[in-house]
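Peer 1: Show me how the following folds:
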Amino acid sequence: MDQINDARLLLRCVLALQAVNLEQKAGLVLVGCNV
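Peer 2: Numbering: from 1, shown residues only. This is a model prediction of the structure:
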């Protein structure tokens, strides 16, 4: 059971990091377009 919970937490962390990376990339694109 613990392994499953750990896997879920790890997956959440990975997805969260990917979401942050996408937001940063989108922000850079918007900044680049504005400039």
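Peer 1: Tell me how far the helix or strand where L15 lies lies from the chain's centre.
Peer 2: Taking DSSP states H and E as the definition, L15 sits inside helix 2-34. If you compare the mean C-alpha spot of helix 2-34 with that of the full chain, they lie 0 Å apart, counting by CA atoms, centre = their mean, to the nearest Å.
Peer 1: May I see the buried residues of it?
Peer 2: For helix 2-34, a neighbour-count test (16 or more other CB atoms under 10 Å) marks nothing as buried. Yep, even glycine has a C-beta here, placed from its N, CA and C like the rest.
Peer 1: CA atoms only for stretch 20-31 - export them in PDB, please.
Peer 2: The C-alpha atoms that make up stretch 20-31 are tabulated as PDB, following Å, rounded to 0.1, in the frame of the first residue of the first chain:
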ATOM      1  CA  VAL A  20       5.200  24.700 -14.100                       C
ATOM      2  CA  ASN A  21       7.500  24.200 -17.000                       C
ATOM      3  CA  LEU A  22       4.600  24.600 -19.500                       C
ATOM      4  CA  GLU A  23       3.600  27.900 -17.700                       C
ATOM      5  CA  GLN A  24       7.200  29.200 -17.800                       C
ATOM      6  CA  LYS A  25       7.500  28.300 -21.500                       C
ATOM      7  CA  ALA A  26       4.200  29.900 -22.300                       C
ATOM      8  CA  GLY A  27       5.200  33.000 -20.300                       C
ATOM      9  CA  LEU A  28       8.500  33.300 -22.300                       C
ATOM     10  CA  VAL A  29       6.600  32.900 -25.600                       C
ATOM     11  CA  LEU A  30       4.200  35.700 -24.500                       C
ATOM     12  CA  VAL A  31       7.100  37.900 -23.400                       C
END
